[in-house]
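Chemist: predicted structure and sequence below. I'll ask about it afterward.
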Amino acid sequence: MKPSDLHYPSSWEQRSPHLGDQILFIPEFYSNHHLWEKRPFFDDENPIHVELCSGNGEWILDRAEENPDVNWIAVEMKFKRVRKIWSKMKNRGIKNLLVVCGKAEPFVKYYLKQAKQVFVNFPDPWPKRRHAKNRLFQGEFISDLATCVTDELTFVSDDSCYTQQVVREMLGSKRWHSLVKDPYVENLEEGYGGSYFQRLWKDLGRNISMLRFAPSKVVKLDLSLRSRLDFPEVQGDLWHLDLGLDRHLPRMLDTMIFQSYRLGIGHFLETYEVPKRIILYDGSLDFVEEMIRTDVDMLAFTDWLKDEFKSVDNLRVRTGIETEAFVDLERQEMIVHTMGRQLMRLYCVDVLSNYLHRLSALLPEESEVLVRFDYTGVESESMIEQLLSSDRFAHLKILGREIIPSNRAICLPSDEMMSEEIVKQLDEIFYVVRAPYKVIPEGTFNENWHEIDEVIVVSQALSNVGKRMLHGFCAAGGRVLTCGERVGVVEEETWKVSG
Ligand SMILES: C[S@@+](CC[C@H](N)C(=O)[O-])C[C@H]1O[C@@H](n2cnc3c(N)ncnc32)[C@H](O)[C@@H]1O
């Protein structure tokens, strides 16, 4: 059989899905996928393993030959490549393989009933930022996959940015958990099998990483103040304890309410075996309007502000906010001022993170305590980083902000150094930097620099202590990429936003 012996089964005008002779055609630009009745693709009950983005099919053809007790499905959208897989399959007499000519997204959503394992080897990385929206692993696809994969999903890539994105999107979706411990990445195991792209990247000395995930059973329990705490008999991988904090944030300042949560959590721990992963908060990162409502709330906020900035002069220089005294600050004016609102958010997040740390102390040490945020309303990446900085959420893991191994860092200035101009510069850095990077708050830089070789700093936002730490970092072999005026350390290069 030659590749050209495979013909497209229908004309463009009459296009419709077609199954037969070990091949399923799923047409492009077709709006009736939902009419397909999901049906078994194989005559036996053997487990199904799927490879998405199969290319010329080298990897899956070998797997299918080596593992006859498994049924395999290769999904590839380019007809030219499908023809190659199909002809090799026929010539090698492989019967336990189905080739799908079509896109992975509709296949997973409308055609695949269930698969034990799904593999994605070297999917197109779309390295340019403006093209990243074309990557396969995005919201809806990730949920669709979670509904049909029973055991495991494996993702292999040489592109660290895409790998980072997949970790964040998969774990941030709550529907998946990593089978590889933090930092989630494994080297490609011996005997995994090869492909054209695997050899290409290996020969070029590129680092190839593998991610492995399993679908999560998420159980959401009502632990809000109205709950009767009658929990169902269920098992779960991820327990979402819905305390209602996202709806009733001001109550965080009420100590009686904390006692009530303590009772609820106690009852939860008595009812179920030690839970591995628990979500304590799943809600907005911008809840200023809900939390700072009254004069009393405003007073608590301005007290906090005074602690942070010490003097109104300091506040004015850093943020451009003019006032005679902290107590004179008006709620509405702060809310509409870019930096004013960010300061309010910081205060709210500080209160929330303290509260969550107190709550997490009630949970067993072996449980991983998680939080998840909706960033709607926070317009800038550096503002998000500032709100979620590791010194605020030291003992909590933030779902969807995971970092794969990286020897690069961006130094996050201390809160009082964050002016509108610095936010702008940092946003540009976050936008341009391609490789995964850790974000290290300046205040914890010396505790963390052993993990990194290179740090990007905005020199204008460095404190004197910060500058001194950079000398130490260079003395220990590190390199500084400076945005703005040079700091004067030995290993320093100017970092240009355009670079
Ligand atoms: C970089 S190649 C890797 C091929 C193969 N896995 C390998 O390791 O050699 C990516 C392949 O994915 C296919 N592809 C890209 N997006 C796809 C999609 N949405 N559905 C199916 N195939 C897709 C491309 O046509 C291409 O053949």
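Modeler: Ah, there it is.

Chemist: so for this structure, the centremost residue is which one?
Modeler: Here the mean C-alpha position of the chain is nearest to the C-alpha of residue 168 (C-alpha atoms, centre = their mean), at a distance of 1.4 Å.

Chemist: residue contacts, it?
Modeler: Applying C-beta atoms under 8 Å, 6 or more residues apart in numbering, we find residue 168 in contact with 400-402. Placement of C-beta: from N, CA and C, glycine included.

Chemist: just put those in a markdown table and tack on neighbour count, distance to the ligand and pLDDT.
Modeler: Listed next are the contacts of residue 168 as a markdown table, based on neighbours: other C-beta atoms under 10 Å; distance: C-beta to the nearest ligand atom, whole Å; pLDDT from 0 to 100:
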| residue | neighbour count | distance to the ligand | pLDDT |
| --- | --- | --- | --- |
| 400 | 18 | 23 | 96 |
| 401 | 19 | 26 | 95 |
| 402 | 18 | 24 | 95 |
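
Chemist: could I get those as CSV with secondary structure?
Modeler: Listed next are the contacts of residue 168 as CSV, based on DSSP: H, G, I helix; E, B strand; the rest coil:
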residue, secondary structure
400, coil
401, coil
402, coil
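
Chemist: ok, and the closest non-adjacent residue to the residue of the stretch 351-499 of the chain found nearest the ligand?
Modeler: At 18.1 Å from the ligand, residue 434 is the closest residue in the stretch 351-499 of the chain, using C-beta to the nearest ligand atom. Excluding the flanking residues, the one nearest residue 434 by C-beta to C-beta, 6 or more residues apart in numbering is residue 161, at 5.5 Å.

Chemist: any idea which element that neighbour lies in?
Modeler: Assigned by DSSP states H and E, residue 161 falls within helix 160-172.

Chemist: could you tell me the average pLDDT over that helix, please?
Modeler: Across helix 160-172, the average pLDDT comes to 96.

Chemist: is any part of that helix close to the ligand?
Modeler: No - Helix 160-172 does not reach the ligand (C-beta under 6 Å from any ligand atom); its nearest approach is 10.9 Å.

Chemist: thinking in terms of the whole chain, how far from its middle is that helix?
Modeler: Centre-to-centre, helix 160-172 and its host chain are 5 Å apart (C-alpha atoms, centre = their mean, to the nearest Å).

Chemist: next secondary structure after it?
Modeler: Using DSSP H and E, the helix or strand that follows helix 160-172 in sequence is strand 176-178.

Chemist: for that next one, packing partners?
Modeler: In terms of contacts (3 or more C-beta pairs under 8 Å, 6 or more residues apart in numbering; DSSP states H and E), strand 176-178 is packed against helix 160-172, strand 209-215.

Chemist: so which of those is the most surrounded?
Modeler: Across the helices and strands packed on strand 176-178, averaging neighbours per residue (mean count of other C-beta atoms under 10 Å) puts helix 160-172 on top, at a mean of 22.

Chemist: make CSV out of the contacts of residue 168 and add distance to residue 414.
Modeler: Shown next, in CSV, are those (distance: C-beta to C-beta, whole Å):
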residue, distance to residue 414
400, 25
401, 20
402, 24
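
Chemist: wait, residue 403 sits on residue 183?
Modeler: Yes - with contact defined as C-beta atoms under 8 Å, residue 403 and residue 183 form a contacting pair (6.5 Å).

Chemist: so which bits of the strand or helix carrying residue 313 are buried?
Modeler: In this assignment (DSSP H and E), residue 313 forms part of helix 312-319. Neighbour counts over helix 312-319 (16 or more other C-beta atoms under 10 Å) mark 312, 315, 318-319 as buried.

Chemist: what of stretch 245-261?
Modeler: Under the neighbour-count criterion of 16+ other C-beta under 10 Å, stretch 245-261 has 245-246, 249-252, 260-261 buried.

Chemist: please apply the same query to stretch 29-38.
Modeler: Within stretch 29-38, the residues that count as buried by 16+ other C-beta under 10 Å are residue 33.

Chemist: is it anywhere near the ligand?
Modeler: No - Stretch 29-38 is not in contact with the ligand by C-beta under 6 Å from any ligand atom; minimum separation 13.6 Å.

Chemist: quick one: contacts for the closest residue to residue 445 other than its chain neighbours?
Modeler: Spatial nearest neighbour of residue 445, excluding adjacent residues (C-beta to C-beta, 6+ apart): residue 469 at 5.2 Å. With contact set as C-beta under 8 Å, 6+ apart, residue 469 has these partners: 442, 445-446, 449.

Chemist: could you do residue 283 as well?
Modeler: Residues near residue 283 by C-beta under 8 Å, 6+ apart: 245-247, 373-374.

Chemist: and the furthest pair within these?
Modeler: By the measure C-beta to C-beta, 247 and 373 form the most distant pair in the contacts of residue 283, at 14.9 Å.

Chemist: need the residues of this structure near the ligand, please.
Modeler: Taking C-beta under 6 Å from any ligand atom as the contact definition, the chain meets the ligand at 53-55, 75-78, 81, 103-105, 121-124, 136, 195-198.
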